[in-house]
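Visitor: Structure here, sequence nowhere to be found:
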């Protein structure tokens, strides 16, 4: 049974910000290509929602309901809710992920 992949508002903003950043640095064509690759990885969650791993920053504090996919250096953090897969953020994994995830997912 396929799942439905949804993007939270914050994740949609992340994608818009990522597009603007990459387009300004490397051009619109590169931004389109990278976002298409990220979107393709997320669409695969329709068939394989448990393929991602639990983010180590969350596992370290006992939170195991979120999973992540990688498209280096970006990380897509998501959660399976029934038959939905909700992507909560698309973020550069080189940043301070512990603080970011606590702020975005735990304290929200």
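Guide: Nice, thanks for sending it over. Note that the structure is a prediction, hence the values are computed from the model and not measured.
Visitor: what's the next secondary structure element after the longest helix belonging to the chain?
Guide: Assignment by DSSP state H gives helix 9-26 as the longest helix of the chain. For helix 9-26, the succeeding helix or strand toward the C-terminus, using DSSP states H and E, is helix 28-43.
Visitor: could you give the angle of that following helix to helix 9-26?
Guide: Between helix 28-43 and helix 9-26, the angle comes out at 150 degrees (axes from the mean of the first three to the mean of the last three CA atoms, to 10 degrees).
Visitor: At the geometric centre of this protein, which residue sits there?
Guide: Centroid-nearest residue in the chain, with CA atoms, centre = their mean: residue 76, separated by 1.6 Å.
Visitor: Report the secondary structure element holding that residue.
Guide: strand 74-81.
Visitor: Please identify the pairing partners of that strand and their relative orientation?
Guide: Strand 74-81 has these partner strands in its sheet, going by DSSP bridges: strand 66-71 (antiparallel), strand 84-92 (antiparallel).
Visitor: among those, which is the most enclosed?
Guide: Highest mean neighbour count of those: strand 84-92, a mean of 20 (counted as mean count of other CB atoms under 10 Å). Yep, even glycine has a C-beta here, placed from its N, CA and C like the rest.
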